[in-house]
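[1] my questions concern the predicted model and sequence given below.
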Amino acid sequence: MNRIQSAFQNKPIFMPYFPVGYPDIATSVGILEALAKNGADLIEVGLSFSDPLADGPVIQKATQTALERGVTTRDVLAAVAELRKRGVEIPLILMGYYNPILAYGLEKFVRDAVEAGTDGFIIPDLPPEESAEFVGAIREVPQQPPLITMLAPTTSDERMEAIARSAQGFIYLVSVTGVTGARKDITTGLGKLIERVRQHTDVPVCVGFGIGTPDQAAAVGQLADGVIVGSACVREIGESENPIEKAIDFARSFRDALNG
Amino acid sequence: MPTLLPSKFGPYGGQYVPETLMPALTELEAEFVTAQRDPNFQREFNKLMADFVGRPTPLTYARRLSEQLGGAQIYLKREDLAHTGAHKINNALGQALLVKRMGKQRIVAETGAGQHGVASATAAALLGLECVVYMGAVDIARQEPNVFRMKLLGAEVRPVTSGTQTLKDAINEAIRDWVTNVRTTHYLLGSALGPHPYPTIVREFQSVIGREAREQILKELGRLPDTVIACVGGGSNAIGVFSGFVEDADVELIGVEAAGSGIPSGKHAARFGDPSRGRLGVIHGTRTFVLQTEDGQIADTHSVSAGLDYAAIGPEHAHLRDQERAFYTSATDEEALNGFQTLCHTEGIIPALESSHALAEAIKRAPKMRPDQIILVNLSGRGDKDLNTVIKEIGNLGSW
């Protein structure tokens, strides 16, 4: 059983996102460690990009700050390695846009990421139509870390059937049309959407976009196998005077809410 | 899922977008394919091109300019005389008609120089659509007259203050709006860029430029031009005029990028012209040549002309270049300003700063060519919008 499969032994899982380099590299590694050791079941480790077109203002600002402070792809991979060195055992998924990955070199990126301790990849601007090259690079490494399949409320049944079938690890289900960022109402229609996805695949279904509070997480956790929290995590921890302590509280509050 | 039309030009193009948008691209492609085969759509589009845009736009012989240069004869395809003052209206109207067919009521658009924003606002007013235009705050400052125009036409202009506050950031915001409102909103992309099917759709709606120009020059001179020159930001006017001549192997096609303060200065928008930073990448849904840092972050660009101030070039241009069917060069801000003034003085035409880059290349080439040779320059837009910039820049150059 690999790390991702182990993580889904106790569902629903809590999956926060945080970008390396915000507010600075050392602090972000501390934040990621605190999240991992206080209730996160899987973490999306963020690679920053100058033009994050699927992201709302909170993540735009945080990743922009990270870039202004000089964070590079190499720094992000080093952060993953550092987290492993500090005893983080949960799955770490790299989340980032395609261009910096292309610039790094696909095969080298996958190899270095796996060597650092990465378990999979989320690339929001790489739909299945364009992913053959990246999947080819994944096949070159024995661990075969999955490229996570994303589905959206706009995805038709026909398309869902075509692309969910080959999903590995888990499905990242985008809860609403839009960019990342907390919203008031996200559960309307979500149950039906998740049902549609489950008709086509047996891999766990995790829901992201718009989940901002432990209560919302608990509500989504009733329906899905995992809850992804990005913007709220970045905002609350990033704005805090003591981000490491805030990360501990944040992870615990979501973990408690999901445990019911 | 397979596409109806080819989604790539050689290794370039594709659909690098979030999953939420994939169904909208599929829908748009299907609608476009049906519309292309529908004589009613073609009739409606052609009628608007004639009665509203004023097509065909003239072909003008630049007599005094040609004489002054003492080489090839220069002809201008006058897209500056199209309604709203630039070629952008061709594509804006074509896409707006598709929007009506899809039953959507709202369009979002990005704009750099403001020409595409004005064209979109115009098409929206004409067809009764709601229109929101995203424009970088820096561009708003340098293209103020166009901001007023868009507002007068009933569009909402939303300033974009993220990133470099220019065209690329306006595209980011337009895409974010689109991904949020995709069920009711069409993204009216203005250049031969973005995910498939946009580069193909934009080329097809702009191909009227090349078709007309080819007919006109054959009628006037009984022969084809030796060289066709167009400026290339994203590349819609260039792909439009090139498409008329691409099958004519003897016609040389030249695209002109913005070299800004000069390529060695690093302050430019020459994707092909600067191989150290212009590399294969993915931005705004398409795979093409992109000015970027070593770490794959999109580089800041500079050009005196807002419409060319963009880090990526349309994917079909990258393919034409690989095939050596088209060649690409660049003109600096200074060369473009010189081209601008020269055309004003010799022909009584105030060109857009974007088109002035194409003129700069014609001015370089014509003297090296024979008087029986012909250069066709696509004069993609008029320069009224640029007067503030030009007054400031020419003052700086001390050549007023």
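    Done, it's in. Numbering: from 1, shown residues only, chains lettered A, B, ... in the order given.

[2] could you use CA atoms for every contact and neighbour count after this?
    Will do.

[3] thought residue A:145 was touching residue A:122?
    No. Look at residue A:145 against residue A:122 with Cα atoms under 8 Å: they stay out of range, at 10.8 Å.

[4] report the contact partners of the closest residue to chain B within the stretch 1-150 of chain A.
    At 4.0 Å from chain B, residue A:100 is the closest residue in the stretch 1-150 of chain A, using Cα to the nearest Cα. Contact analysis of residue A:100 by Cα atoms under 8 Å, 6 or more residues apart in numbering or on different chains lists A:49, A:73, B:295, B:296, B:297.

[5] and residue B:252, by the same measure?
    B:226, B:227, B:228, B:325, B:326, B:327.

[6] kindly report the same for residue A:246.
    With Cα under 8 Å, 6+ apart, residue A:246 has these contacts: A:236, A:237, A:240.

[7] if we go to 7 Å?
    A:237, A:240 (Cα atoms under 7 Å, 6 or more residues apart in numbering or on different chains).

[8] what about it, distance to residue A:217?
    Using Cα to Cα, to the nearest Å, residue A:246 is found at 18 Å from residue A:217.

[9] three-state assignment of the residue of the stretch 1-150 of chain A closest to chain B?
    What DSSP: H, G, I helix; E, B strand; the rest coil gives for residue A:100 is helix.

[10] any idea how far residue B:293 is from it?
    9 Å.

[11] and the residue of the stretch 151-260 of chain A at minimum distance from chain B, which helix or strand is it part of?
    Closest residue of the stretch 151-260 of chain A to chain B, Cα to the nearest Cα: residue A:178 (3.5 Å). Residue A:178 belongs to no helix or strand when assigned by DSSP states H and E.

[12] same check on residue B:149?
    Counting by DSSP H and E, residue B:149 is found in helix B:144-152.

[13] check residue B:107 too.
    strand B:106-111.

[14] likewise residue B:168?
    Per DSSP H and E: helix B:167-180 holds residue B:168.

[15] quick check: mean pLDDT across that helix?
    Mean pLDDT, computed over helix B:167-180, is 94.

[16] who are the packing partners of that helix?
    strand B:106-111, strand B:130-136, strand B:185-187 (3 or more Cα pairs under 7 Å, 6 or more residues apart in numbering or on different chains; DSSP states H and E).

[17] strand partners of the first one, parallel vs antiparallel please.
    It stands for strand B:106-111. The pairing partners recorded for strand B:106-111 under DSSP bridges are strand B:130-136 (parallel), strand B:185-187 (parallel).

[18] tally of neighbours for residue A:229?
    28 (other Cα atoms under 10 Å in any protein chain shown).

[19] strands of chain A, start to end?
    A:13-19, A:43-46, A:92-95, A:120-122, A:149-151, A:171-174, A:205-208, A:226-229 (DSSP state E).

[20] near chain B, which residues of chain A?
    Contact residues (Cα under 7 Å from any Cα of the partner chain) of chain A with chain B: A:49-51, A:53-54, A:72-73, A:98-100, A:102-104, A:124-127, A:129-130, A:150-152, A:154-155, A:177-179.

[21] how about a cut-off of 6 Å?
    Applying Cα under 6 Å from any Cα of the partner chain, we find that chain A lies next to chain B at A:50, A:53, A:99, A:100, A:103, A:124, A:125, A:126, A:152, A:154, A:177, A:178.

[22] for chain B, which residue gets nearest to chain A?
    residue B:180 (3.5 Å).

[23] name the nearest residue to that residue, sequence neighbours excluded.
    residue A:178 (3.5 Å; Cα to Cα, 6 or more residues apart in numbering or on different chains).

[24] neighbours around residue B:64, how many?
    Residue B:64, neighbours per other Cα under 10 Å, totals 15.

[25] which helix or strand contains residue B:256?
    Going by DSSP H and E, residue B:256 is part of strand B:252-260.

[26] chain center to that strand, what's the gap?
    Relative to the chain's own centre, strand B:252-260 is displaced by 12 Å; criterion: Cα atoms, centre = their mean, to the nearest Å.

[27] and that strand, average pLDDT?
    What strand B:252-260 shows for mean pLDDT is 98.

[28] over to stretch B:53-69?
    98.

[29] what's the answer for stretch A:23-32, then?
    98.

[30] pLDDT weak spots in the chain?
    Using chain A here. Within chain A, no stretch has pLDDT under 70.

[31] oops, wrong one, chain B.
    In chain B, residues with pLDDT under 70: B:396-400.

[32] now do the buried residues in the longest helix along it.
    Longest helix in chain B by number of residues (criterion: DSSP state H): helix B:198-221. Applying a neighbour-count criterion of 16 or more other Cα atoms under 10 Å in any protein chain shown, one finds B:198-214, B:216-217 buried in helix B:198-221.

[33] how about stretch B:90-105?
    B:90-99, B:102, B:104-105.

[34] off-centre distance for it?
    19 Å.

[35] how about it as CSV, C-alpha atoms only?
    The C-alpha trace of stretch B:90-105 is given here as CSV (Å, rounded to 0.1, in the frame of the first residue of the first chain):
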residue,chain,number,x,y,z
ASN,B,90,-13.7,41.4,-37.8
ASN,B,91,-13.1,38.8,-35.1
ALA,B,92,-15.2,40.5,-32.5
LEU,B,93,-18.3,40.5,-34.7
GLY,B,94,-17.7,36.9,-35.8
GLN,B,95,-17.4,35.7,-32.3
ALA,B,96,-20.3,37.8,-31.1
LEU,B,97,-22.5,36.1,-33.7
LEU,B,98,-21.4,32.8,-32.4
VAL,B,99,-22.3,33.9,-28.9
LYS,B,100,-25.9,34.7,-30.1
ARG,B,101,-26.1,31.2,-31.6
MET,B,102,-24.9,29.6,-28.3
GLY,B,103,-27.6,31.5,-26.5
LYS,B,104,-25.2,33.2,-24.1
GLN,B,105,-25.9,36.8,-23.1
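
[36] what's in contact with stretch B:30-49?
    residue B:55 (Cα atoms under 6 Å, 6 or more residues apart in numbering or on different chains).

[37] kindly check the end-to-end length of that stretch for me.
    This stretch, stretch B:30-49, spans 23 Å end to end (Cα to Cα).

[38] show me where chain A has helices.
    Using DSSP H, helices in chain A cover A:3-7, A:25-37, A:57-68, A:73-85, A:98-104, A:106-116, A:132-139, A:157-164, A:190-198, A:214-221, A:231-239, A:243-259.

[39] contact residues of the stretch 251-400 of chain B facing chain A?
    Counting by Cα under 6 Å from any Cα, the stretch 251-400 of chain B sits next to chain A at B:281, B:282, B:295, B:296, B:297.

[40] repeat that for 7 Å
    B:281, B:282, B:294, B:295, B:296, B:297, B:298.

[41] out of these, who has the most neighbours?
    residue B:282 leads these on contacts (other Cα under 10 Å) with 29 neighbours.

[42] look up the closest residue to that one, ignoring the ones flanking it.
    Nearest to residue B:282 is residue A:99, by Cα to Cα, 6+ apart, at 5.2 Å.

[43] surely the one you found and residue B:296 touch.
    Yes. Applying Cα atoms under 7 Å, one finds residue A:99 in contact with residue B:296, separated by 5.6 Å.

[44] so residue B:131 bridges to which residues?
    Bridge pairing for residue B:131 - DSSP bridges - gives residue B:107.

[45] just to revisit the earlier point, helices or strands up against the helix holding residue B:149?
    helix B:115-127.
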